[in-house]
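**Student:** Build me a model:
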Amino acid sequence: MTKFGELISVEKPVLIDFYFDWNDANTTIDTLRDVAAALGDKAKVIKIDIKKNEILADALRVKGNPTFMIYKNGEMKWRQTGEQDADTLIDLVQEYV
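**Tutor:** The predicted structure is shown next:
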């Protein structure tokens, strides 16, 4: 996997969904597909499994499932734990395009 710093150190906004697969992940996957489709190449949308990336999740103090973050130029711009709908996420990411 690409190093996290490389993923977030881009000019485009990067929406990251930290998730743990025990819950109904299909809802989140569909939401993220909608977000990615709406934003096209204006932003990146990434899912990161908390259990497979425990060190990173601990370093970022990810405690809830899901936890969404938006980064731009390596800086965290927004963070929220809990379910989010596609329209909300699209609007949030577009603030940083």
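
**Student:** By mean pLDDT, point me to the weakest helix or strand of this protein.
**Tutor:** Least confident helix or strand, the chain: helix 25-39 with a mean of 84, by mean pLDDT, DSSP states H and E.

**Student:** neighbouring contacts of the very next helix or strand once past it?
**Tutor:** Per DSSP states H and E, the first helix or strand lying C-terminal to helix 25-39 is strand 44-49. Residues outside strand 44-49 that contact it (C-beta atoms under 8 Å, 6 or more residues apart in numbering): 7, 10, 12-21, 28-29, 32, 35-36, 39, 56-57. In this view, the C-beta of every residue, glycine as well, is placed from N, C-alpha and C.

**Student:** Show me these that map onto helices.
**Tutor:** 7, 28, 29, 32, 35, 36, 39, 56, 57 (DSSP state H).

**Student:** Now do the same for the nearest residue to the fifth one once chain neighbours are set aside: helix, strand or coil?
**Tutor:** Going back to what we said before, that points to residue 35. Excluding its sequence neighbours, the residue lying closest to residue 35 (C-beta to C-beta, 6 or more residues apart in numbering) is residue 89, at 4.8 Å. For residue 89, the assignment made with DSSP: H, G, I helix; E, B strand; the rest coil gives helix.
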